[in-house]
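*Asks:* no sequence for this one, just the structure:
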């Protein structure tokens, strides 16, 4: 089996990421098409105006196949935001998520951020367990109706 590498996101990854997020969350959680639209808007904004010194996206790749993504974007002068963290089902359970999270956090630290935050849903149990295991703190949790379904939205933070 070939090595998994993390390479920088390129605009050519956009359609793949939108499709992966849309298909995964429609199947796993019943999300409607508004989620894919949001992912496309996030990626288009990133492509159009990100600061490569302070913001970065990575794509996990093995043998030419994309396996996942993670992004670090500015959420203020001293706060970074983790976005679009996704692993395909075939990539899960191999420590790749932890490696991607560490890469993203290390980049945020080296870019001068003091802390990070992220937004997720309680139903993303594996991701939430990873955040808790790596020192993140759940700071807010509330019921919402988003993407056509009832969810519990969460905000997590960590000091870098």
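*Replies:* Thanks, I have it. For clarity, every value in this text was computed on a predicted model and none was experimentally measured. Numbers count the residues shown, from 1 in each chain.

*Asks:* The most centrally placed residue in the chain sits in which helix or strand?
*Replies:* Taking Cα atoms, centre = their mean, the centroid of the chain lies closest to residue 85, which sits 2.0 Å from it. Per DSSP states H and E, residue 85 falls inside strand 79-87.

*Asks:* Tell me which stretches of this structure form helices.
*Replies:* Ranges of helices in the chain, per DSSP state H, are 14-29, 34-49, 96-110, 125-133.

*Asks:* Please name whichever of the ones you listed is nearest to residue 145.
*Replies:* Smallest distance to residue 145 across the helices of the chain (Cβ to Cβ): 11.3 Å, for helix 34-49. (Each C-beta comes from the backbone N, C-alpha and C, glycine too.)

*Asks:* Now tell me what touches the closest one from outside.
*Replies:* Around helix 34-49, the neighbours that count as contacts under Cβ atoms under 8 Å, 6 or more residues apart in numbering are 9, 11, 14, 17-19, 21-22, 25-26, 55, 57, 71, 73, 83-84, 146-148.

*Asks:* number of nearby residues for the closest residue to residue 53 other than its chain neighbours?
*Replies:* Leaving aside its sequence neighbours, residue 53 sits nearest to residue 111 (Cβ to Cβ, 6 or more residues apart in numbering; 6.7 Å). A count of nearby residues for residue 111, using other Cβ atoms under 10 Å, gives 17.

*Asks:* wouldn't residue 111 be in contact with residue 72 here?
*Replies:* Yes: here residue 111 reaches residue 72: they are 7.5 Å apart, a contact under Cβ atoms under 8 Å.

*Asks:* any residues in contact with both of these two?
*Replies:* Residues touching both residue 111 and residue 72 by Cβ under 8 Å, 6+ apart: 55, 80.

*Asks:* This completes my enquiry, with thanks.
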